Structures are given as structure tokens and as C-alpha cells.
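Sharing a model that was predicted from the sequence below.
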Amino acid sequence: MGRRAFIGGGSAPRVRGAGRISLWLAASAVAGAAACSHVQGDSCGDGVCVSGEDCNNCYADCAAECAAVCGNGSCEVGETCEDCSADCGTCSGGFCGDGECTGSETCTTCAGDCGSCPACGDGTCGTSETCTTCAVDCGTCAPGCGDGTCVAGETCMTCPADCGACGPACGDGTCGGGETCSSCPGDCGGCAPVCGDGTCNGTETCSSCPGDCGACAPVCGDGTCNGTETCSTCPGDCGACGPACGNGACEAGETCASCAGDCGACPPACGNGACEAGETCASCAADCGSCGGGGSCNGYCNGTGSDGICWCDSACSGIGDCCADFATYCSCAGLCGSCSAGGCCCDSACGFFGDCCPDCTSWCSC
């Protein structure tokens with residue numbers, strides 16, 4: 001039925017939903033007017049659900065009043081093959097919840113259709129359980145190669161899967177593992193000659209490998225001074241003979257100390273413990289003793305002693321003219337970090353104060 005216009009005073013046609021309110025407002029606005037308006041025929045999609053339009057032939061206008069009903073033979077908006085197969089048909093491939101365990105469904109992805117997954121320890125050996133994965137349900141596996149356990153009767157040769165690969169064995173034709181030409185020449189071949197292997201072979205000689213071939217007989221000119229060779233019989237190997245003490249010539253390497261017969265007696269040496277000719281108490285007190293006077297170093301360190309003859313300085317030890325009590329009053333021996341009885345010091349500050357003992361640097365860090 002088409003929508004009808006009406007003239008004020010007449011009755012408004014009955015329509016559904018929002019269309020009725022809109023029409024009523026329009027009618028009130030022109031109430032009492034003499035003019036009339038012309039309404040076009042039915043049009044699905046104009047937003048008004050009028051007589052003749054319903055959820056099936058014009059869902060766009062009547063959606064607000066529609067409610068899908070499963071079982072009415074029509075697969076309406078809102079119905080699917082999953083929630084209303086009666087109207088929309090059976091879903092292809094199945095779905096979780098359709099009561100059938102099909103396609104990619106499993107007890108893990110769809111327990112509702114496929115049932116609960118078997119669990120190790122439930123007393124039933126399920127399809128996914130074995131004696132290896134669940135001995136509690138399926139029982140202990142019978143011993144066999146490949147069960148991961150190397151048991152009696154299995155070896156690396158009969159069952160390497162359980163017992164592991166066999167190690168290298170000398171005689172198997174393969175030089176492997178720790179085998180060498182020495183430990184297994186059958187697999188690795190004979191070793192090349194090596195000096196030190198106890199066998200004189202190959203190109204080894206007494207010269208190149210005396211350890212294996214023995215020492216060569218001494219030969220003058222072989223570059224080695226051995227056997228009965230000497231500097232006299234074979235200077236080419238043993239070198240020229242050195243100076244000979246007693247031949248009347250003071251040659252290189254000879255001294256008055258090593259060969260007085262050729263080089264003459266050594267001159268007196270202060271400090272050798274002997275007061276020799278030419279040494280005196282003044283020139284070598286170490287050998288000849290202190291000169292008379294008995295001067296003291298007490299209070300005289302770094303200068304002459306109290307008698308003005310003996311000395312208490314750093315040079316007196318070398319010259320031999322130290323006062324007899326030099327070590328008592330002016331030496332740092334055993335006194336590092338402190339001062340002596342004679343007034344000089346043996347510490348790191350003595351240089352700053354100018355009171356270091358004469359031999360401070362010989363004994364301490366001054």
C-alpha cells in the first residue's frame with residue numbers, strides 16, 4: 001500500500017515506528033490548511049517501514065522491528081550455520097561445538113567435540129601414549145635396540161643407537177681417534193724417520209743424529225773439539241792455545257796476579273790485608289793501621305778527626321786514613337732511618353738538612 005497524504009480534519013493513515021511520529025508532526029503543521037500534498041508510492045530504502053514492507057522484503061527500513069527466528073525456514077540476518085543450521089544449512093568443514101570431532105579439531109583444540117586428552121597416569125594407554133612416553137599407563141618397554149638404553153647383549157657394534165659408535169680399533173683399516181704411525185702402523189702406515197726414535201734410518205748420520213746413530217769418531221776439522229783433540233793438535237776445532245804462564249812472556253790474559261813469573265810482582269794494593277812496601281798508615285790505614293794521635297770522629301763526621309790527622313769523611317775508607325772510631329760515630333751501617341752517635345744522620349731528610357753520614361748512600365736511601 002502506498003503512503004497517503006491527508007487534508008486537515010481527516011484521519012492520518014496508520015504506520016509503524018518512527019514513520020508514524022514523523023507523519024503526525026507533519027499533519028499537525030498543516031492542520032486546517034486547504035492545500036493537499038501528494039505522496040509518491042512505496043520505496044524500500046527511504047528509512048520508513050510502511051505497510052507492505054517487512055523484514056524479508058525490506059530489511060533496510062524494517063530492521064528495528066525484525067528479530068531472527070531459527071526454524072522459520074529463512075536464514076535471516078543474525079543467523080549462521082553455526083547457531084541455526086535448520087535455516088542456514090550445515091557449516092562446511094565443521095566447527096568446535098558442533099558435536100563432531102572433524103577437520104583439524106583435537107582433544108586439545110576442541111575438547112567439547114573430541115573429548116578430553118588422555119593424560120599419563122590416568123590408567124589408560126591413550127593413542128598418543130607409548131611404553132616410552134608413559135610407562136605408567138602403557139607398561140615398561142621390552143628391551144630392544146633403539147630404546148635408548150644399552151643393556152646386556154647390546155654393544156657398539158650390534159646397537160650403536162643405544163651404545164654409541166665404536167671407537168677406533170687398530171687393525172680396522174682406518175687411522176682414526178688416537179691412532180698414530182707409532183701406536184698402529186697397520187692403519188696409519190710406518191712413521192717417517194725422526195731423530196730421537198732410537199733407530200738410525202733414512203738420512204740420519206752420526207753427525208745429524210748422534211742420539212740414534214751414535215757419536216762420530218773424532219776428526220780434526222769436523223768443527224768439534226772432541227776425543228783427544230787439543231788446541232795444540234787441532235786448533236781448527238779447539239781454537240788457538242792461550243797464553244802459557246812460565247814461557248817468559250806476559251801475554252794477553254796474563255796478569256801480575258795470575259802469572260807473576262811472566263808479568264812480574266803486583267804493586268802494593270791497599271786493602272789486601274798486608275802492609276806492603278810503599279803503604280803507610282797515612283796511605284793505607286786498612287793494611288797498616290791508624291797513624292798515631294788516636295783522633296776521634298765523635299762530632300767530626302764529614303771532616304778531619306779530633307787530632308787533625310785522621311779523617312771522618314766518605315773518602316777515608318778508600319784512602320785508609322779514617323779515625324779508629326769512624327764506624328762508631330760516622331757510619332750508617334745498621335742505622336738507616338736514624339742518626340749516629342756522632343751527630344750525622346741516615347734518613348731521607350738528611351740531604352735537606354745537610355747532616356748525612358759520610359757513607360749514607362752506601363747503606364741507606366739518603
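Done, it's in. Since this is a predicted model, take the numbers as computed values, not measurements.

which parts of stretch 316-325 are buried?
Cys316, Ser317, Gly320, Asp321, Cys322, Cys323, Ala324, Asp325 (16 or more other C-beta atoms under 10 Å). The C-beta positions use only the backbone N, C-alpha and C, and glycine is treated the same way.

Show me which of these is closest to Cys336.
Ser317 (18.2 Å; C-beta to C-beta).

do you know how far the closest one is from Asn272?
Between Ser317 and Asn272 the distance is 15 Å, computed by C-beta to C-beta, to the nearest Å.

For the stretch 251-366 of the chain, which segments are assigned as helices?
For the stretch 251-366 of the chain, the helices defined by DSSP state H, counting those that start in this stretch cover 260-263, 285-288, 316-319, 326-329, 350-353, 360-363.

Quick one: closest of those to Gly52.
Comparing those by C-beta to C-beta, helix 350-353 comes nearest, at 126.1 Å.

just the strands in the stretch 201-350 of the chain please.
Using DSSP state E, counting those that start in this stretch, no strands are assigned anywhere in the stretch 201-350 of the chain.

Could you check how far Cys66 is from Tyr59?
Taking C-beta to C-beta, one finds Cys66 at 6 Å from Tyr59.

er, Cys323 actually
137 Å.

just Gly176 next, same as before
83 Å.

In three-state terms, label the spatially closest residue to Asp54 that is not a sequence neighbour for me.
Distances taken as C-beta to C-beta, 6 or more residues apart in numbering place Cys62 nearest to Asp54, at 5.8 Å, with adjacent residues excluded. When classified by DSSP: H, G, I helix; E, B strand; the rest coil, Cys62 comes out as helix.

can you pull the contacts of Cys62?
Arg16, Cys49, Glu53, Asp54, Cys55 (C-beta atoms under 8 Å, 6 or more residues apart in numbering).

Let me know the pLDDT of it.
Cys62 is assigned a pLDDT of 80 by the prediction.

Report pLDDT for Cys281.
At Cys281, pLDDT is 62.

got it, and Phe352?
Reading off the model, Phe352 has pLDDT 93.

Ok, Gly273 next?
Gly273 is given a pLDDT of 70.

Okay, now the unreliable bits of the stretch 151-300 of the chain?
278-293 (pLDDT under 70).

any idea which of the buried residues of stretch 316-325 is the one closest to Asp172?
Ser317 (83.5 Å).

For Ala274, see how far away that closest one is.
From Ser317 over to Ala274 (counting by C-beta to C-beta), the distance is 18 Å.

sorry, back to before: let's have the contacts of Cys62 in CSV, adding distance to Cys256 and neighbour count.
Converted to CSV, these look like this (distance: C-beta to C-beta, whole Å; neighbours: other C-beta atoms under 10 Å):
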residue, distance to Cys256, neighbour count
Arg16, 148, 15
Cys49, 145, 25
Glu53, 147, 22
Asp54, 147, 13
Cys55, 142, 19
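
Export those residues to JSON lines and append columns for secondary structure, pLDDT and distance to Cys332.
Formatted as JSON lines, those follow (DSSP: H, G, I helix; E, B strand; the rest coil; pLDDT from 0 to 100; distance: C-beta to C-beta, whole Å):
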{"residue": "Arg16", "secondary structure": "coil", "pLDDT": "34", "distance to Cys332": "128"}
{"residue": "Cys49", "secondary structure": "coil", "pLDDT": "87", "distance to Cys332": "125"}
{"residue": "Glu53", "secondary structure": "coil", "pLDDT": "82", "distance to Cys332": "128"}
{"residue": "Asp54", "secondary structure": "coil", "pLDDT": "79", "distance to Cys332": "128"}
{"residue": "Cys55", "secondary structure": "coil", "pLDDT": "75", "distance to Cys332": "123"}
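
from these, which two are the most distant?
Arg16 and Cys55 (11.7 Å).

Report pLDDT for Thr90.
At Thr90, pLDDT is 73.

Please work out how many residues are found near it.
Thr90 has 11 neighbouring residues, counting by other C-beta atoms under 10 Å.

what does Ala111 give?
Neighbour tally, Ala111, other C-beta under 10 Å: 14.

Show the model's pLDDT score for it.
So Ala111 comes in at 79 (pLDDT).

That one against Cys117, yeah?
Yes. Assessed by C-beta atoms under 8 Å, Ala111 is found in contact with Cys117 at 7.3 Å.

did I read that right, Gly186 in a strand?
No. With three-state DSSP as the criterion, Gly186 is located in helix rather than a strand.

how about the nearest residue to it, chain neighbours excluded?
Gly171 (5.7 Å).

and if you look at Thr80?
Thr80 sits nearest to Cys88 (C-beta to C-beta, 6+ apart), 5.8 Å away.

Repeat that for Asp172.
Asp187 (6.7 Å).

How many residues are close by the nearest residue to Cys159 once chain neighbours are set aside?
Spatial nearest neighbour of Cys159, chain neighbours left out: Cys145 (3.8 Å); criterion: C-beta to C-beta, 6+ apart. Residues within reach of Cys145, counting by other C-beta under 10 Å, total 15.

do you know how far Cys145 is from Thr155?
10 Å.

Identify the contacts common to the two.
What both Cys145 and Thr155 touch, as defined by C-beta under 8 Å, 6+ apart, is an empty set.

would TSV of the contacts of Cys62 with distance to Phe353 be doable?
Output for these, formatted as TSV (distance: C-beta to C-beta, whole Å):
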residue	distance to Phe353
Arg16	124
Cys49	122
Glu53	125
Asp54	125
Cys55	121
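
Looking at the residues you listed, which one is closest to Pro218?
For the contacts of Cys62, the nearest to Pro218 is Cys55 (129.1 Å; C-beta to C-beta).

got the contact list for the closest residue to the closest one other than its chain neighbours?
If the residues on either side of it in the chain are set aside, Cys55 comes closest to Cys66, at 3.5 Å by C-beta to C-beta, 6+ apart. Contacts here follow C-beta under 8 Å, 6+ apart; on that basis Cys66 touches Cys55, Tyr59, Glu76, Val77.
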